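> my questions are about this predicted structure, shown below with the sequence.
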Amino acid sequence: MRIRPGFLFVLLLIALAAGYWLRPWLIAPEATPRLVEPRGDLAADERSTITLFETASPSVVFISTLTEVVDPWTRRVFQTRQGTGSGFIWDAEGHVVTNYHVVKGAGKATVRLQDGRAYTAVLIGASPDHDLAVLRINVPFDPPPPIPLGDSASLRVGQKVFAIGNPFGLDHTLTTGIVSALDRTLATEGATIRHLIQTDAAINPGNSGGPLLDSAGRLIGVNTAIYSPSGAYAGIGFAIPSDQVNDVIPQLIAYGQIIRPYLGVVSDERFSAAVLARLGLEGVLVLNVEPGSPAAQAGLQPARMAWDGSVIPGDVILALNGQPVSSLKSLRALLAGLHVGDVVQLKVWRKGEVREFEVTLAAPRKGVRH
């Protein structure tokens, strides 16, 4: 029997009408929004974490950078986005601390506060060796407070830490973890950073330059890098310890760069190796003393050349502040941890005797490295 199309259309209309009128009886009575169960108070550690984030996050900023690009066809110069990162308010003068690699090569940097206000930043100083940089913004009213400073020397493995930053551009993100290890060394592009804090708090691209906090909300590190073959979080992150930050940042604000102290001695390990071996000593043979330098003022004496071309040794530096000096590299490493104006004790071999010299370190002259 053939069914006419008109008959099918009538059946469809009847089915729709029946569904409409029967709908209230077909819906289960329990298919309604459920009642919300009240919960008790938050746990003590949850309350402290919430308080920490609400207190510290206004001091954390989002940094975006631009770089200038030249169109090869039109020769027109235009700006393009270079990258993003994090930073935090250092003091009441509007200084912002971040990583050097966040602003490296940038033509312009913009700092956005938690409340959405954005300001063009000025680069005050940078230290590639420490992967730290200082920007400055002018906030005319209601500036964010600086993050309280803690000490990193007292950190212990297993201590809880908190990272705030802008991973993948998602601003003001909080992650938690512990101190996984201390005194790590990380080789980066163009520099080797030492004495780093290792943490398992999630640090991703965009977190760089953000603060690492202890459970009291104090700054104990600056998030700087992750270890990951894929470039994403893999449970190993690194932060520059706050004691090092507190040593570097004031110099960047005052001078725009790190001013390393120097002694004013000149040496050459390849030339002096045979002399030191003959003397049975391990140290730095002083080949020349810079006139007017701290070494000259302390009375250090350089080696001399005899009439027959042989070397008459002068002073050999054996130790600095009680730390053995085995090479020119080790001497520079010891000086790197000191400041202009520091008074140091040098242990020096001279003519078969060991003497002590007191030296006041000074800022290096142009072109002087040690």
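Received, thanks.

> wait, T360 sits on A296?
No - look at T360 against A296 with C-beta atoms under 8 Å: they stay out of range, at 11.8 Å. For every residue, glycine as well, the C-beta is placed using N, CA and C.

> the domain parsing of this protein - what is it?
Using automatic domain parsing, the domain parsing of the chain gives 54-136, 160-255, 265-360.

> give me every residue that touches G94.
Residues near G94 by C-beta atoms under 8 Å, 6 or more residues apart in numbering: R136, I137, N138, V139, P143.

> any quick PyMOL command for the buried ones out of these?
Buried members of the contacts of G94, defined by 16 or more other C-beta atoms under 10 Å, are picked up in PyMOL with:
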select buried, resi 136+137+143
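
> next structured bit after the helix or strand bottoming out on mean pLDDT in the chain?
Here the helix or strand of the chain ranked lowest by mean pLDDT, DSSP states H and E is helix 5-26, holding a mean of 60. Moving toward the C-terminus from helix 5-26, the next helix or strand (DSSP states H and E) is helix 44-56.

> picking that back up, which one of the contacts of G94 sits closest to N207?
The nearest member of these to N207, counting by C-beta to C-beta, is I137 at 20.3 Å.

> how about the closest one, nearest residue that isn't a chain neighbour?
Y119 (4.1 Å; C-beta to C-beta, 6 or more residues apart in numbering).

> how much space separates that neighbour from F62?
11 Å (C-beta to C-beta, to the nearest Å).

> ditto for A163
Relative to F62, A163 is positioned 15 Å away (C-beta to C-beta).

> what's next to stretch 324-341, contact-wise?
259-263, 267, 269, 282-284, 317-321, 323, 344, 360-363, 369-370.

> got the buried residues for it?
V325, L328, S330, L331, R332, L334, L335, L338, V340.

> so which of those residues are in helices?
Cross-referencing the buried residues of stretch 324-341 against helices under DSSP state H gives L328, S330, L331, R332, L334, L335.

> just the helices in the stretch 101-250 of the chain please.
242-255 (DSSP state H, counting those that start in this stretch).

> err, the stretch 251-370 of the chain, not the other one
Under DSSP H, counting those that start in this stretch, the stretch 251-370 of the chain gives helices at 269-279, 294-298, 328-336.

> would you turn those helices into a markdown table with mean pLDDT and distance to K351?
Output for the helices of the stretch 251-370 of the chain, formatted as a markdown table (pLDDT from 0 to 100; distance: least, C-beta to C-beta, whole Å):
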| stretch | mean pLDDT | distance to K351 |
| --- | --- | --- |
| helix 269-279 | 82 | 11 |
| helix 294-298 | 89 | 17 |
| helix 328-336 | 84 | 21 |
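
> and of those helices, who's closest to D115?
Between these, helix 328-336 lies closest to D115; by C-beta to C-beta that is 39.8 Å.

> next one: the residue nearest to I137 from S267, what distance?
The value you get for Y119 to S267, if C-beta to C-beta is used, is 48 Å.

> ok so, going back, drop anything exposed from the contacts of stretch 324-341.
260-263, 267, 283-284, 317-320, 344, 361-362, 370.

> just to revisit the earlier point, which among the domains of the chain is found nearest to E46?
When the domains of the chain are compared (using C-beta to C-beta), the closest one is domain 160-255, at 11.1 Å.

> pLDDT (mean, whole number) over the closest one?
Per-residue pLDDT over domain 160-255 has a mean of 85.

> that domain spans what distance, first to last residue?
With C-alpha to C-alpha, to the nearest Å as the measure, domain 160-255 spans 35 Å from end to end.

> same check on stretch 284-291?
Termini of stretch 284-291 sit 19 Å apart (C-alpha to C-alpha).

> in it, what's buried?
Residues of stretch 284-291 classed as buried by neighbour count (16+ other C-beta under 10 Å): V284, L285, V286, L287, V289, E290.

> turn those residues into TSV, including distance to A303 and pLDDT.
As requested, those are exported to TSV (distance: C-beta to C-beta, whole Å; pLDDT from 0 to 100):
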residue	distance to A303	pLDDT
V284	11	88
L285	6	88
V286	7	89
L287	5	87
V289	10	89
E290	15	89
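
> how about the domains of the chain in CSV, adding distance to P33?
Shown next, in CSV, are the domains of the chain (distance: least, C-beta to C-beta, whole Å):
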stretch, distance to P33
domain 54-136, 31
domain 160-255, 31
domain 265-360, 64
